[in-house]
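Chemist: sequence? don't have it. structure:
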């Protein structure tokens, strides 16, 4: 896992943005983002983001990590 890419992805989620479509700075597929997120959370042993069908937000652990 590329930890730098994973951290960049987490920082993009941490930024307040009106729409997820505006988060295109990484230029990678959604499936890749999911794999990277899962690997980062697994390596840290904590959930960093809460995910719903409409929103992604940082957990307390995610905020502390950022």
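Modeler: That came through, no problem. Not measured: the values here are computed from a predicted model. Numbering: from 1, shown residues only.
Chemist: residue contacts, the most centrally placed residue in the chain?
Modeler: Compute the mean C-alpha point of the chain, and by C-alpha atoms, centre = their mean the closest residue is residue 10, 3.7 Å away. Shown in contact with residue 10 (C-beta atoms under 8 Å, 6 or more residues apart in numbering): 37, 40, 48-49, 58, 62, 65-66. (Each C-beta comes from the backbone N, C-alpha and C, glycine too.)
Chemist: helices - which of the residues you listed land there?
Modeler: Of those, the ones assigned to helices by DSSP state H are 37, 40, 62, 65.
Chemist: from those, which one has the minimum pLDDT?
Modeler: pLDDT across the ones in helices among the contacts of residue 10 is at its lowest for residue 37, which sits at 85.
Chemist: wait, that residue touches residue 7, no?
Modeler: No: using C-beta atoms under 8 Å, residue 37 is not in contact with residue 7; the gap is 11.3 Å.
Chemist: of the two, who's got more company?
Modeler: Set residue 37 next to residue 7 and count neighbours by other C-beta atoms under 10 Å: residue 37 wins out with 19 against 14.
Chemist: and which of the contacts of residue 10 is nearest to residue 3?
Modeler: Of all these, residue 40 has the smallest distance to residue 3: 7.4 Å, by C-beta to C-beta.
Chemist: which SSE is the residue nearest to the closest one when sequence neighbours are not counted in?
Modeler: Nearest non-adjacent residue to residue 40, counting by C-beta to C-beta, 6 or more residues apart in numbering: residue 6, 4.1 Å away. Taking DSSP states H and E as the criterion, the element that holds residue 6 is helix 3-14.
Chemist: how far is that helix from where the chain is centred?
Modeler: 6 Å (C-alpha atoms, centre = their mean, to the nearest Å).
Chemist: give me the distance from stretch 33-40 to the chain's centre.
Modeler: Put simply, stretch 33-40 sits 8 Å off its chain's centre (C-alpha atoms, centre = their mean).
Chemist: can you give me the buried ones in that stretch?
Modeler: The neighbour-count check on stretch 33-40 (16 or more other C-beta atoms under 10 Å) flags 33, 36-37, 40 as buried.
Chemist: just send these back as TSV, with distance to residue 53 too.
Modeler: Shown next, in TSV, are the buried residues of stretch 33-40 (distance: C-beta to C-beta, whole Å):
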residue	distance to residue 53
33	16
36	20
37	16
40	22
